[in-house]
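*Asks:* Predicted coordinates and the sequence they were generated for:
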Amino acid sequence: MTTKTFILTTFILTTNLIYGQGSSKITREFGSPIISDSSSTFIIPTVYNAGLFSSSKLALWGDFYSNVIFYNFKTDSSKKLFEKDTYIVSLNKVNYSYYSDRKPGKSLTANFVFYRIMNIDRNKNGHIDSEDPAILYVTDTHGNNLKSLTGDNENIVGFDIYEKQNIALVKMQRDFNNDGNFNSKDTDYYYVKLDLDTLVFGKKIELK
């Protein structure tokens, strides 16, 4: 074995030991429980920790919510919301956004729980990353009737609940240049009202 080959082999093995065995491990922990129905139900988020060199299909690292467990303390039973781990962008937590300031994102009403989810590789680069769309999902407060309210052709960048007015204002981003990515080049935004009883969207509020 030549000196160069030995050094290269040593480097690869050392890198695998440091990153491959350590950072590639994915850990899951429980987040803080959230009351979704005070008479029966808690939401317990699953915190997903993926190292920078993880083999996960998510091109993300650090801590984020990957699933939700609905726990019924009356029946002492629990169930997961998603069959597989996904990327939950917001769920009643302080979150950082590329498009907005750091602030708590309220996701619950008396009847519904809302989720911004990244689960579609729209730009076809082999993994979920920050340039894929966040899609708005909803369930009832017991985790039933999961459905999406928006599609993957628009990116939900803001969701603010106004309970007294019984509406939410949703800020959406269009793929302005049609390149499959959502980023700072896509400057086409609009707001739209979401009725919190019917889950029906109103008319688009646009600058143009």
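*Replies:* Received it, and whenever you're ready, just let me know what you need.
*Asks:* Go ahead and report the secondary structure state at the residue nearest to Glu131 when sequence neighbours are not counted.
*Replies:* Nearest residue to Glu131, sequence neighbours excluded (Cβ to Cβ, 6 or more residues apart in numbering): Asn181, at 4.1 Å. All C-beta atoms are positioned from the backbone trio N, CA, C, and that covers glycine. Of the three states, Asn181 takes coil according to DSSP: H, G, I helix; E, B strand; the rest coil.
*Asks:* Quick one: residues contacting Asn181.
*Replies:* Applying Cβ atoms under 8 Å, 6 or more residues apart in numbering to Asn181 gives the contacts Arg122, Asn123, Glu131, Asp175.
*Asks:* again, but for Asn72
*Replies:* Under the criterion of Cβ under 8 Å, 6+ apart, the neighbours of Asn72 are Ser40, Thr41, Ser78, His142.
*Asks:* Please report how far the residue nearest to Glu131 lies from Tyr48.
*Replies:* 23 Å (Cβ to Cβ, to the nearest Å).
*Asks:* go on, Ser107?
*Replies:* Here Ser107 is placed at a distance of 18 Å from Tyr48 (Cβ to Cβ).
*Asks:* next one: Phe159
*Replies:* Separation of Phe159 from Tyr48 (Cβ to Cβ): 21 Å.
*Asks:* and what of Phe82?
*Replies:* Per Cβ to Cβ, Phe82 is found 11 Å from Tyr48.
*Asks:* okay, those two: which has more neighbours?
*Replies:* Using other Cβ atoms under 10 Å, the more surrounded residue of Phe82 and Tyr48 is Tyr48, with 24 against 16.
*Asks:* For the helix or strand where the more buried one lies, give the mean pLDDT please.
*Replies:* Here Tyr48 sits within strand 41-50, counting by DSSP states H and E. Across strand 41-50, pLDDT averages out at 83.
*Asks:* Just checking, which helix or strand succeeds that strand along the chain?
*Replies:* strand 62-72.
*Asks:* Parallel or antiparallel, list what pairs with the very next helix or strand once past that next one.
*Replies:* Under the assignment DSSP H and E, the closest C-terminal helix or strand after strand 62-72 is strand 77-80. With DSSP bridges as the test, strand 77-80 is paired with strand 62-72 (antiparallel).
*Asks:* Run the chain-centre distance for the strand it pairs with.
*Replies:* Here strand 62-72 shows a centroid-to-chain-centroid distance of 10 Å under the convention Cα atoms, centre = their mean, to the nearest Å.
*Asks:* How about stretch 154-163?
*Replies:* 13 Å.
*Asks:* Using neighbour counts, pick out the buried residues of that stretch.
*Replies:* Glu154, Asn155, Ile156, Val157, Gly158, Phe159, Ile161 (16 or more other Cβ atoms under 10 Å).
*Asks:* any idea of the mean pLDDT in it?
*Replies:* pLDDT averaged over stretch 154-163 gives 90.
*Asks:* Need the contact partners of it.
*Replies:* With contacts defined as Cβ under 8 Å, 6+ apart, stretch 154-163 is touched by 90, 97, 99-100, 105-107, 109-110, 114, 116, 133-136, 150, 168-175, 182, 186, 189, 196.
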